[in-house]
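# Output the structure for:
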Amino acid sequence: MSAFVSSSRPAASVPLKRADGNAIRVLVVDDERSLTDLLKMALKYEGWEIRTAETGRQALEVAREFRPDAIVLDIMLPDIDGMSVLHRLRADGDDVPVLFLTAKDALDDRIAGLTAGGDDYVTKPFSLEEVVARLRALIRRSTLTGASDGPFLTVGDLVLNEDSHEVSRGGTAIELTATEYELLRYLMRNPRRVLSKAQILDRVWSYDFDGKASVVEIYISYLRKKIDAGRAPMISTVRGAGYILKAPEILE
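Numbers count the residues shown, from 1 in each chain. Down below sits the predicted model:
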């Protein structure tokens, strides 16, 4: 039985391109050739440039040479698993958005994939349209697809440049993944406002992630480590309600 659900050809949509006008680059990593061939066909229909890899080591080699804008990464690979591949990419300073692809669908596996630094998760069987939609959402959130409405968001000494996607606090640059950036931008666009997990899921992930609010907790934790570490905290939990971002009292 196939590991995916084949479906009709994806409907035409507004093409996504890199900020420099070139085609989006996607690396698809899976040891099932028929699956990668179909994904490659569907993603090429989006006008994207696609490379494939069948093993973890090959994926690392291709990623370093190809410099993809997004990666579809199977967790179960014949040599090193997808989690290890992602750990090595992140250790190299590569914050490319990653969509995990796996037959596992237990909550613990989903959380493990996101904790490893992945940005989203699709379980087999899946539809081609779902994978394309998830990738488009990740790419839109990445630093590669261009401009936003205004240049700067500022809360206390925290500054986010929506044009360059640069973030700093107290003048110190902060490196964020695409999903961390989108979450922070949502919080900074709503300072002093309590945002529920449901609101955050809908805005940042564009779907309810099967109702798993734990993904929000994971990414709030990531942001706190980067934004609040060694500084007066700006992100607070409002028990039973959600999260709020505001400048520390000493800055107000």
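
# Next, count neighbours for residue 225.
Applying other Cβ atoms under 10 Å, we find 10 residues neighbouring residue 225. Backbone N, C-alpha and C define where each C-beta goes, glycine included.

# my guess is it is in a helix, correct?
Yes. Under DSSP: H, G, I helix; E, B strand; the rest coil, residue 225 falls within a helix.

# tell me the pLDDT at it?
Per-residue pLDDT puts residue 225 at 94.

# Quickly note the distance from it to residue 34.
The gap separating residue 225 from residue 34 is 40 Å, by Cβ to Cβ, to the nearest Å.

# before we move on, what about residue 219?
Taken as Cβ to Cβ, the span from residue 219 to residue 34 is 34 Å.

# likewise residue 53?
Distance from residue 53 to residue 34, by Cβ to Cβ: 15 Å.

# Of these two, which one has the most company?
residue 53 (24 against 11).

# So what's the residue count around the closest residue to the more buried one other than its chain neighbours?
Counting by Cβ to Cβ, 6 or more residues apart in numbering, residue 59 is the residue found nearest to residue 53 once chain neighbours are left out, at 4.0 Å. When neighbours are defined as other Cβ under 10 Å, residue 59 has 29 of them.

# Residue 204 versus the nearest residue to residue 190 once chain neighbours are set aside, what's the distance?
The shortest distance from residue 190 to any non-neighbouring residue, by Cβ to Cβ, 6+ apart, is to residue 245 (7.7 Å). The spacing between residue 245 and residue 204, counted by Cβ to Cβ, is 13 Å.

# Okay, strands next: where are they in the stretch 151-252 of the chain?
Assigned by DSSP state E, counting those that start in this stretch, the strands in the stretch 151-252 of the chain fall at 152-155, 158-161, 166-169, 172-174, 235-238, 242-245.

# likewise the stretch 1-150 of the chain?
25-29, 49-53, 70-74, 98-102, 120-123.

# Adding mean pLDDT and distance to residue 39, write those out as CSV.
What follows is those, written out as CSV (pLDDT from 0 to 100; distance: least, Cβ to Cβ, whole Å):
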stretch, mean pLDDT, distance to residue 39
strand 25-29, 96, 5
strand 49-53, 96, 8
strand 70-74, 93, 6
strand 98-102, 85, 9
strand 120-123, 80, 11
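
# Mean neighbour count, those: which tops it?
When these are scored by mean count of other Cβ atoms under 10 Å, the highest mean neighbour count falls to strand 70-74 (a mean of 28).

# Can you give the strand pairings for that one, parallel or anti for each?
If you go by DSSP bridges, strand 70-74 pairs up with strand 25-29 (parallel), strand 98-102 (parallel).

# would CSV of these with distance to residue 171 be doable?
CSV is the format used below for the strands paired with strand 70-74 (distance: least, Cβ to Cβ, whole Å):
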stretch, distance to residue 171
strand 25-29, 33
strand 98-102, 30
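
# Which of those sits closest to residue 181?
strand 98-102 (14.6 Å; Cβ to Cβ).
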